[in-house]
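Student: got a sequence here, can you model it:
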Amino acid sequence: GGHIPWHYYDNRTKHYVNIDEHPNLWLDGRGYIKPDQLPTYESGWITDTAHQPALAYIPYIITGSRYFRDLQASSAHFMVMTGWDAPRGNFKSIDLGLHYVDNQVRAAGWTMREMYQAANLGVTGSFDKLYFDKVIDNNLNFLYYNQCLANWGPAQGDVHGVIDLYQGGAEFAPWQQDYAIPIYARLAIDGNDLALQFMHWRRNWMVASMFQPDFNPYSRAAYHVLF
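Tutor: As a prediction, the model looks like this:
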């Protein structure tokens, strides 16, 4: 993890680059305000939230090394900062629903995983701990109230429970739905009430889709399914 170029540290604030302190920054080549150095194919690295590995959490659990805790924080901050401006509240210094608009479901799930793990390793009262707890709560609020209840649920009808992000509502990838389950289940187990409500909302798709007589269970494992 130390070799991956996602460690953007601000020597002025002594924090990794974050949306509260750098609301106009977008860690993407398309950003109006962006760093001079970004990962490129020419450098041997390209970052992608839909293919992000977990490289620091378990090593920290095993070793207790500050090095791995910092790696976890840097990767989580990077994932937040790669979200484009509209889901970030149009640069209002707050992450409204970073990963629940125009994104791949697996990317949303894995980025939430990185934020959860960074928050879990954060020192009580520290900037990183407070920051990631806030960003997770903002995302869960947006996910459940703005998306599940207001948008997806009414539109999905009998198959409600699907995280509908990246195919514009025409189709979805069931396998990506499964990738996004574990982290929200973990949050629910930890006592996060919104995560628990979200899992209850998802239950219709996750469970009922395997047993409904009018739904082909083989479609449950298809690469893409049409609504």
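Student: please make it C-alpha for all contacts and neighbour counts, starting now.
Tutor: OK.
Student: and stretch 194-213, how far from the chain's centre?
Tutor: 20 Å (C-alpha atoms, centre = their mean, to the nearest Å).
Student: hmm, residue 202 is touching residue 160, no?
Tutor: Yes. Using C-alpha atoms under 8 Å as the test, residue 202 is close enough to residue 160 to be in contact (7.3 Å).
Student: in this protein, which spans are strands?
Tutor: If DSSP state E is used as the criterion, the strands of the chain fall at 9-10, 15-16, 171-172, 225-226.
Student: neighbouring strands of the first one in the sheet, and parallel or not?
Tutor: Read it as strand 9-10. Applying DSSP bridges, strand 9-10 is found paired with strand 15-16 (antiparallel).
Student: can you list contacts of the partner strand?
Tutor: Contacts with strand 15-16, where a contact means C-alpha atoms under 8 Å, 6 or more residues apart in numbering, come from 7, 8, 9, 10, 73, 74, 77, 127.
Student: mind listing the helices for this protein?
Tutor: 57-63, 66-81, 105-121, 127-141, 153-156, 174-179, 181-189, 193-206 (DSSP state H).
Student: nearest to residue 30, of those helices?
Tutor: Distances from residue 30 to each of the helices of the chain were compared using C-alpha to C-alpha; the shortest belongs to helix 66-81, at 12.8 Å.
Student: tell me the angle the closest one makes with helix 127-141.
Tutor: Here helix 66-81 points in a direction 40 degrees away from that of helix 127-141 (axes from the mean of the first three to the mean of the last three C-alpha atoms, to 10 degrees).
Student: related to what we said a few turns ago, which among the contacts of strand 15-16 count as buried?
Tutor: 7, 8, 73, 74, 77 (16 or more other C-alpha atoms under 10 Å).
Student: of all the residues you listed, which two lie farthest apart?
Tutor: Every pair of the buried ones among the contacts of strand 15-16 checked by C-alpha to C-alpha; the farthest is 8 and 73, at 10.5 Å.
Student: what about residue 195, how many residues close to it?
Tutor: Using other C-alpha atoms under 10 Å, residue 195 has 23 neighbouring residues.
Student: my bad, should have said residue 113
Tutor: Residue 113 has 21 neighbours, counted by other C-alpha under 10 Å.
Student: from what I can see it touches residue 185, true?
Tutor: No. Applying C-alpha under 8 Å as the test, residue 113 and residue 185 come out as separate, 10.9 Å apart.
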